[in-house]
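Asker: task: produce atomic coordinates for the following.
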Amino acid sequence: MFSHKNRIFVGTETSLDSLCRNFNIDPSYFLDTVLCLKLPYHWRSKIGNILKSNPPKQLLFAVLLAKGKLITLARPKKHTLFPSGTR
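Answerer: Next comes the predicted model:
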């Protein structure tokens, strides 16, 4: 019976190893947060204004990431995007 349960995880070693390594590097996994890329405020503001100006009508959210970190997020005021939705 014990060996049957172990077979569930066969082939997941690479994914689990990567996940464990990321837990040690990136606290956002534990905290359910998104890390932001360090940028001067005026750069982040300019980038956000570009994304928000003249968006396509079908676009609900715009998320700009670099190196796995958030640069800016554009969304309607009535809508919320949770950190888990950006992964």
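Asker: immediately after the helix-or-strand element of the chain with minimal mean pLDDT, which helix or strand?
Answerer: Across the helices and strands of the chain, mean confidence by mean pLDDT, DSSP states H and E is lowest for helix 2-6: a mean of 56. Toward the C-terminus, helix 2-6 is succeeded by helix 13-25 as the next helix or strand (DSSP states H and E).
Asker: buried ones in that next one, by neighbour count?
Answerer: Counting neighbours by 16 or more other Cβ atoms under 10 Å, one finds that helix 13-25 has no buried residues. Quick note: C-beta positions are derived from backbone N, CA and C, even for glycine.
Asker: any idea of the mean pLDDT for the helix or strand that that helix is followed by?
Answerer: The first helix or strand that comes after helix 13-25 along the chain, using DSSP H and E, is helix 28-31. Across helix 28-31, pLDDT averages out at 71.
Asker: and the end-to-end length of stretch 22-30?
Answerer: Using Cα to Cα, to the nearest Å, the end-to-end distance of stretch 22-30 comes to 10 Å.
Asker: one more: stretch 26-46?
Answerer: Terminal residues of stretch 26-46 are spaced 27 Å apart (Cα to Cα).
Asker: and that stretch, how far out from the chain middle?
Answerer: 10 Å (Cα atoms, centre = their mean, to the nearest Å).
Asker: stretch 15-35 now?
Answerer: 11 Å.
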